[in-house]
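*Asks:* okay, structure incoming, though there's no sequence with it:
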Ligand code: ZN
Ligand code: CU
């Protein structure tokens with residue numbers, strides 16, 4: 001086919017086009033050749049080997065899940081059903097300080113690293129090896145991979161309850177630089193978690209300077225999302241400023257009843273500081289979080305559900321209070337008997353969640369944990385829930401705005417210049433959905449339920465999800481830092 005021929009691989013006609021920029025929806029069609037969009041709008045004279053009548057349903061850019069723990073899911077479940085069933089076509093991995101590479105380890109990894117692999121052989125000693133593996137055994141979705149600070153620490157320090165020495169920082173920085181060269185897109189921290197709690201701000205700044213040199217970015221699960229959330233925002237801004245890197249605040253929230261309502265304060269501070277430096281943020285659409293279960297760290301939760309437990313697999317899916325009552329012990333004692341374990345924590349205020357979702361600079365990230373036996377429903381429900389529940393049913397924002405928060409905005413924050421929008425020449429990552437039907441179906445009781453209303457999903461021009469099932473195709477690509485244009489620090 002000559003490039004200007006009107007004969008092509010795939011035509012999608014009679015759609016409602018939402019282009020990812022926030023612009024109003026319009027009627028039209030779209031043509032795909034190989035992995036690119038080659039025409040948009042009026043398809044007069046075009047002929048396709050495959051010709052789909054969309055019946056007026058919405059065609060949008062594929063969604064970008066900016067906050068995932070899919071590092072090993074891309075390998076273990078390469079058809080990525082939990083994500084493509086939601087219309088997600090690109091995932092960002094290595095969040096919260098936890099990444100599969102670079103880490104050589106010979107024992108069960110310390111929590112929360114065990115959330116992505118309980119087995120030491122699941123990890124990759126070098127980042128290039130991890131990305132090469134994804135090239136050879138591609139998943140259904142595209143992936144952008146970060147280096148986790150806690151993974152660097154676990155591979156460098158003999159004990160994690162202290163700051164790294166100068167030599168150890170140098171070793172970690174060298175491994176980070178090698179990873180960035182291989183294509184890692186940035187460094188995440190999880191200063192909230194035991195493997196990184198003892199790391200002073202200066203340790204992170206020293207590492208983040210390597211990000212500045214490579215034009216990469218920094219994301220963070222902050223040290224404190226509860227009583228000291230303002231201090232933690234200050235620490236995050238300082239790291240961005242001193243290392244001169246763009247920062248992304250992960251799963252922004254105000255945790256614990258005492259902090260309900262404080263997103264008014266945090267968003268005002270983020271907004272005021274955005275004038276001086278680049279700050280992004282993501283959020284998931286639920287009042288409950290999920291992570292490792294840990295004594296003394298129940299985050300002011302009003303209710304806790306067990307998502308997995310090594311010594312007590314039968315506790316999975318149960319309420320922690322009921323387990324403690326059955327055993328005739330207090331909650332703290334129940335936690336220590338259950339660990340290593342994971343939990344779902346009901347610890348947020350619905351008004352805060354809505355305020356953060358509606359903030360124009362916030363992106364959508366699922367934070368799903370793909371290896372949990374009874375996962376938080378966000379793993380299967382996040383994107384349809386924003387579209388169906390928060391946009392259509394509650395009218396928190398328009399459908400165009402909902403789509404922008406999951407496409408155009410994350411594409412610009414993560415430097416994906418040819419994804420995240422419908423445009424001639426852009427990659428053909430697409431989702432066709434029914435705007436009246438789309439809704440999450442995953443619940444806290446039945447979390448592994450695919451969403452409704454996602455009709456078909458294409459990654460790099462190939463169909464990966466159709467009529468409620470995966471097609472088995474795996475056209476995803478491991479995208480490298482060198483192909484991105486990330487925002488600058490200021
Ligand atoms: Zn986190
Ligand atoms: Cu996370």
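*Replies:* Received it, and whenever you're ready, just let me know what you need. Owing to the predicted nature of the structure, the values given are computational and were not obtained by experimental measurement. Residues are numbered from 1 along each chain as shown. Ligands and ions are numbered 1, 2, ... in the order given.
*Asks:* show me where the stretch 151-300 of the chain has strands.
*Replies:* For the stretch 151-300 of the chain, the strands defined by DSSP state E, counting those that start in this stretch cover 186-190, 217-221, 247-249, 279-283, 288-292.
*Asks:* could you dump these into CSV and include mean pLDDT?
*Replies:* CSV is the format used below for the strands of the stretch 151-300 of the chain (pLDDT from 0 to 100):
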stretch, mean pLDDT
strand 186-190, 98
strand 217-221, 98
strand 247-249, 98
strand 279-283, 98
strand 288-292, 96
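*Asks:* so which of those strands is the most packed in?
*Replies:* Ranked by average neighbour count under the criterion mean count of other C-beta atoms under 10 Å, the strands of the stretch 151-300 of the chain are headed by strand 186-190 at a mean of 29. In this view, the C-beta of every residue, glycine as well, is placed from N, C-alpha and C.
*Asks:* neighbouring contacts of it?
*Replies:* 94-99, 112, 146-150, 176, 196, 199, 204, 207-208, 210-211, 216-221, 245, 250, 481 (C-beta atoms under 8 Å, 6 or more residues apart in numbering).
*Asks:* what residues does the protein have near ligand 1?
*Replies:* Residues of the chain found near ligand 1 (C-beta under 5 Å from the ion) are 96, 221.
*Asks:* assign residue 307 to helix, strand or coil.
*Replies:* Three-state call for residue 307 (DSSP: H, G, I helix; E, B strand; the rest coil): strand.
*Asks:* now swap in residue 322 and tell me
*Replies:* From three-state DSSP, the assignment for residue 322 is helix.
*Asks:* gap between stretch 375-385 and the chain center?
*Replies:* 11 Å (C-alpha atoms, centre = their mean, to the nearest Å).
*Asks:* err, stretch 137-148, not the other one
*Replies:* Distance, stretch centre to chain centre, for stretch 137-148: 11 Å (C-alpha atoms, centre = their mean).
*Asks:* including distance to ligand 2, could the strands of the stretch 151-300 of the chain go into CSV?
*Replies:* Output for the strands of the stretch 151-300 of the chain, formatted as CSV (distance: least, C-beta to the ion, whole Å):
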stretch, distance to ligand 2
strand 186-190, 8
strand 217-221, 6
strand 247-249, 12
strand 279-283, 9
strand 288-292, 7
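*Asks:* and those strands as a markdown table, adding distance to residue 44?
*Replies:* Shown next, in a markdown table, are these (distance: least, C-beta to C-beta, whole Å):
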| stretch | distance to residue 44 |
| --- | --- |
| strand 186-190 | 44 |
| strand 217-221 | 42 |
| strand 247-249 | 43 |
| strand 279-283 | 40 |
| strand 288-292 | 50 |
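*Asks:* which single residue of this structure ends up nearest ligand 2?
*Replies:* residue 96 (3.7 Å; C-beta to the ion).
*Asks:* show the pLDDT at that residue.
*Replies:* Residue 96 is assigned a pLDDT of 98 by the prediction.
*Asks:* for stretch 388-407, what is the average pLDDT?
*Replies:* Averaged across stretch 388-407, pLDDT comes to 98.
*Asks:* coming back round to it: so which of the contacts of strand 186-190 are in helices?
*Replies:* When DSSP state H is applied, those are split such that 149, 150, 176, 196, 204, 207, 208, 210, 211 fall in helices.
*Asks:* so which of these is the closest to residue 352?
*Replies:* Using C-beta to C-beta, residue 196 is the member of the ones in helices among the contacts of strand 186-190 that lies nearest residue 352, at 25.1 Å.
*Asks:* so what's that closest one closest to, chain neighbours aside?
*Replies:* Nearest residue to residue 196, sequence neighbours excluded (C-beta to C-beta, 6 or more residues apart in numbering): residue 150, at 4.8 Å.
*Asks:* buried ones among the contacts of strand 186-190?
*Replies:* Among these, the ones that count as buried by 16 or more other C-beta atoms under 10 Å are 94-99, 112, 146-150, 176, 196, 199, 204, 207-208, 210-211, 216-221, 245, 250, 481.
*Asks:* tell me the domain ranges of this structure?
*Replies:* The chain breaks down into these domains under automatic domain parsing: 3-61+425-438+445-467, 63-287+348-414.
*Asks:* list the residues that contact the residue of the chain closest to ligand 2.
*Replies:* 69, 112, 148, 150, 188, 189, 190, 193, 221, 250.
*Asks:* mind checking the longest strand of this structure?
*Replies:* Ranked by residue count and defined by DSSP state E, the top strand of the chain is strand 7-17.
*Asks:* for that one, buried residues please.
*Replies:* Quick answer for strand 7-17 (16+ other C-beta under 10 Å): 8, 9, 10, 11, 12, 13, 15, 16, 17.
*Asks:* check stretch 382-397 too.
*Replies:* In stretch 382-397, residues buried by neighbour count (16+ other C-beta under 10 Å) are 382-392, 396-397.
*Asks:* inside helices: which ones of those?
*Replies:* 382, 383, 384.
*Asks:* just send those residues back as CSV, with pLDDT too.
*Replies:* Compiled in CSV, these are given as follows (pLDDT from 0 to 100):
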residue, pLDDT
382, 98
383, 99
384, 98
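*Asks:* can you list those residues in CSV and add distance to residue 303?
*Replies:* Formatted as CSV, those follow (distance: C-beta to C-beta, whole Å):
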residue, distance to residue 303
382, 20
383, 25
384, 24
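*Asks:* if we can go back for a sec, closest to ligand 1 out of the buried residues of stretch 382-397?
*Replies:* Looking across the buried residues of stretch 382-397 and measuring by C-beta to the ion, the closest to ligand 1 is residue 382, at 14.3 Å.
*Asks:* now do the contacts for the spatially closest residue to the closest one that is not a sequence neighbour.
*Replies:* Nearest residue to residue 382 in three dimensions, chain neighbours excluded: residue 366, at 3.9 Å (C-beta to C-beta, 6+ apart). Shown in contact with residue 366 (C-beta under 8 Å, 6+ apart): 65, 67, 68, 83, 88, 284, 378, 379, 382, 383.
*Asks:* how about residue 164?
*Replies:* 153, 156, 157, 172, 199, 203.
*Asks:* who's in contact with the strand or helix carrying residue 74?
*Replies:* According to DSSP states H and E, residue 74 maps onto helix 73-76. For helix 73-76, contacts defined as C-beta under 8 Å, 6+ apart pick out 80, 82, 91, 93, 133-134, 137, 139, 141, 143, 370-371, 476.
*Asks:* change it to 6 Å
*Replies:* If you take C-beta atoms under 6 Å, 6 or more residues apart in numbering as the criterion, helix 73-76 is touched by 139, 143, 370.
*Asks:* stretch 294-309 too?
*Replies:* For stretch 294-309, the surrounding residues in contact (C-beta under 6 Å, 6+ apart) are 255-257, 315-316, 318, 320, 332, 335-336, 338, 341-347, 372-374.
*Asks:* among those residues, which ones are buried?
*Replies:* Here, 16+ other C-beta under 10 Å leaves 255-256, 315-316, 318, 320, 335, 338, 341-347, 372, 374 buried among these.
*Asks:* which of the domains of the chain sits most buried?
*Replies:* Highest mean neighbour count among the domains of the chain (mean count of other C-beta under 10 Å): domain 63-287+348-414, a mean of 22.
*Asks:* just read off the phi/psi values of residue 89.
*Replies:* Main-chain dihedrals, residue 89, degrees, to the nearest 10: phi -120, psi -10.
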